[in-house]
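Peer 1: Starting from these lines, generate the structure:
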Amino acid sequence: MREHDTGRTNRRTLLRRGAATSAMLVLGESGFFFGQSLEGLEVASAGSIRAMLDGPLKTATAEQLRLDLHNHSGGADAVARMIVEGSLAADVFLPITAGPMQAVQRAGRAATAYPFARTEMVLLYSPRSRFAAQFAEAAQGKRSWWEVLQEPGIKFARSNPEDDPSGRAIVFTMMLAATKYRQPDLVKTLLGPLLNPQQMDLGKNVRAGLESGAIDAAGSYRIATLDGKIPYVPLSPEINLSHERIREEHPELSFQIGNRTFYPEPLVFYAAALRGASNAAGAQAFVKWLQTKQAMALLHANGFEVPAGLAPLSVSTE
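Peer 2: From the prediction side, this is the model:
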């Protein structure tokens, strides 16, 4: 599923800033409301964590840090480019995978980035698809998902691997599956060319397509399944990019688009305070809070996993 919400991405518009925001908040589970002045914090993020930043994380940081999160989400690569170019002003950056964060770090816009959550790849399928029963059997381990995806006329959606980490992730998932299931032609059979316009066009509006049945299946992060409305096929840990050392374990895997070479990356979310942030103190406090047990418990309760044993990212700009 494509991470970004193009309706919210406007390269010509800087995020609005406010020294304070009047807000009405719900405290924990008590259900009590109170008026409070909060300091704004501008957060640029991958679209895949937008719901958390607009919901549970927004409420928790308002209560714990007295910060009002203002989220600008999009494809992590696109958001990183906007930060580097200066067309997007933000205090904190929260992408998925290391690549977009490292681009911001190499440009001197961030120092250390900290891992705070992770997810994994799954296959979403439409309950309205004529192949729904077959996918349901695959989800129960009664048949192979990759065989279902080869059914004639199936409509599979994915995002652009050149611009979107989730698009790259499904390509590497298929590469790993080709080896695991001894199907050397699996990537070509299921995906066609790396930049497959038919699949990428379907990937522009995955949820609506799955709900209507216009799309049969799509590669997605598991966190996209939490509302329970879209069924999915879980993928084996060997291929779902949940391993933190996936690149070290598979140095043979890569693909090239234009002059860029891509390597498999674990689906880890990173957080970094951005240099030149208007609310530098708030940015540091928020990044630090994301690493606390309280924040990790909140993320876990909403379907994210804790990235165990991963070191912070630090890229030299010299």
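Peer 1: Pull out the buried residues from stretch 221-228.
Peer 2: Neighbour counts using 16 or more other CB atoms under 10 Å place Y221, R222, I223, A224, T225 of stretch 221-228 among the buried residues. Yep, even glycine has a C-beta here, placed from its N, CA and C like the rest.
Peer 1: ugh, typo on my part, it should be stretch 98-108
Peer 2: By neighbour count with 16+ other CB under 10 Å, stretch 98-108 contains the buried residues A98, G99, P100, M101, Q102, A103, V104, Q105, A107.
Peer 1: now swap in stretch 229-238 and tell me
Peer 2: I230, P231, Y232, V233, P234, L235.
Peer 1: mean confidence score for that stretch?
Peer 2: On average, the pLDDT along stretch 229-238 is 94.
Peer 1: From start to finish, how long is it in a straight line?
Peer 2: Taking CA to CA, to the nearest Å, the first and last residues of stretch 229-238 lie 26 Å apart.
Peer 1: coming back round to it: now, which of the buried residues of stretch 221-228 sits nearest G258?
Peer 2: Nearest to G258, judged by CB to CB, of the buried residues of stretch 221-228 is Y221 at 25.3 Å.
Peer 1: who's in contact with the closest one?
Peer 2: Contact analysis of Y221 by CB atoms under 8 Å, 6 or more residues apart in numbering lists M1, S48, I96, T119, E120, M121, V122, S166, A169, L267.
Peer 1: again, 10 Å this time
Peer 2: Residues in contact with Y221 (CB atoms under 10 Å, 6 or more residues apart in numbering) are 1, 3, 46, 48-49, 96, 118-122, 124, 165-166, 169, 240-241, 267, 303-304.
Peer 1: In helices, which of these fall?
Peer 2: Members of the contacts of Y221 lying in helices (criterion: DSSP state H): P165, S166, A169.
Peer 1: which residues in the stretch 101-250 of the chain form strands?
Peer 2: 114-118, 121-125, 156-157, 217-221, 232-234 (DSSP state E, counting those that start in this stretch).
Peer 1: Relative to G141, which of those is closest?
Peer 2: Of all the strands of the stretch 101-250 of the chain, it is strand 232-234 that lies closest to G141, at 9.2 Å by CB to CB.
Peer 1: ok, residues contacting that closest one?
Peer 2: By CB under 10 Å, 6+ apart, the surrounding residues in contact with strand 232-234 are 120-125, 135-141, 145, 148-149, 210, 217-218, 220, 222, 224-225, 240.
Peer 1: Could you rerun that using 6 Å?
Peer 2: Identification of contacts with strand 232-234 by CB atoms under 6 Å, 6 or more residues apart in numbering yields V122, L123, L124, F135, A138, A139, W145, T225.
Peer 1: of all these, which comes closest to G55?
Peer 2: Nearest to G55 out of the contacts of strand 232-234 is T225 (CB to CB; 16.3 Å).
Peer 1: List the residues that contact that closest one.
Peer 2: Counted by CB under 6 Å, 6+ apart, T225 has contacts Y232.
Peer 1: Quick check: the spatially most central residue of the chain vs A214, distance?
Peer 2: The centre of the chain sits closest to S48, judged by CA atoms, centre = their mean, with a distance of 3.9 Å. Plainly put, S48 is 22 Å away from A214 if you go by CB to CB, to the nearest Å.
Peer 1: Check A133 too.
Peer 2: Remark: distance between A133 and A214 (CB to CB) = 18 Å.
Peer 1: And for F304?
Peer 2: Look at F304 and A214: by CB to CB, they are 29 Å apart.
Peer 1: More neighbours: these two, which one.
Peer 2: The neighbour comparison of F304 against A214 (other CB atoms under 10 Å) goes to F304, with 21 against 16.
Peer 1: Which residue, other than its chain neighbours, is closest to that one?
Peer 2: Closest residue to F304 apart from its sequence neighbours, by CB to CB, 6 or more residues apart in numbering: A117 at 4.1 Å.
Peer 1: and the end-to-end length of stretch 41-54?
Peer 2: Stretch 41-54: ends 12 Å apart by CA to CA.
Peer 1: repeat for stretch 155-164
Peer 2: Terminal residues of stretch 155-164 lie 20 Å apart, using CA to CA.
Peer 1: Off-centre distance for it?
Peer 2: Relative to its parent chain, stretch 155-164 has a centroid offset of 13 Å by CA atoms, centre = their mean, to the nearest Å.
Peer 1: quick one: buried residues of it?
Peer 2: Residues K155, F156, A157, R158, S159, N160, P161, D163, D164 are the ones in stretch 155-164 that count as buried (16+ other CB under 10 Å).
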